[in-house]
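In: missing the sequence, but the structure's below:
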């Protein structure tokens, strides 16, 4: 799997998918295995009204705990 650098800090990006519930959005890493995968809640988002670029933020400490 290719890793892509973060456009802001150049650290390797984690790949995963978005997860939605009735009241919140979250992120699930592809590195999580097994039947029970824990969602890391998206706590902040920003969008550009001009070009449509979207940024979403979660707690990096919480994500690191989930992916080891």
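Out: Cool, got the structure. None of the values given here were measured: they were computed from a predicted structure.

In: Near residue 40, how many other residues are there?
Out: Here the count is done by other CB atoms under 10 Å, and residue 40 has 22 residues near it. C-betas here are computed from N, CA, C, even on glycine.

In: Which pLDDT value belongs to it?
Out: With respect to pLDDT, residue 40 scores 92.

In: Same check on residue 33?
Out: The confidence metric pLDDT takes the value 82 at residue 33.

In: Can you tell me the SS state at it?
Out: coil (DSSP: H, G, I helix; E, B strand; the rest coil).

In: Distance check, it against residue 68.
Out: 10 Å (CB to CB, to the nearest Å).

In: Against residue 56, how distant is the residue sitting furthest away from the middle of the chain?
Out: Distance from the C-alpha centroid of the chain, by CA atoms, centre = their mean, peaks at residue 50 (23.2 Å). Look at residue 50 and residue 56: by CB to CB, they are 18 Å apart.

In: for the nearest residue to residue 46 once chain neighbours are set aside, what are its contacts?
Out: Spatial nearest neighbour of residue 46, excluding adjacent residues (CB to CB, 6 or more residues apart in numbering): residue 55 at 4.7 Å. With contact set as CB atoms under 8 Å, 6 or more residues apart in numbering, residue 55 has these partners: 45, 46, 47.

In: Next, give phi and psi for residue 55.
Out: Main-chain torsions, residue 55, degrees, to the nearest 10: phi -120, psi 140.
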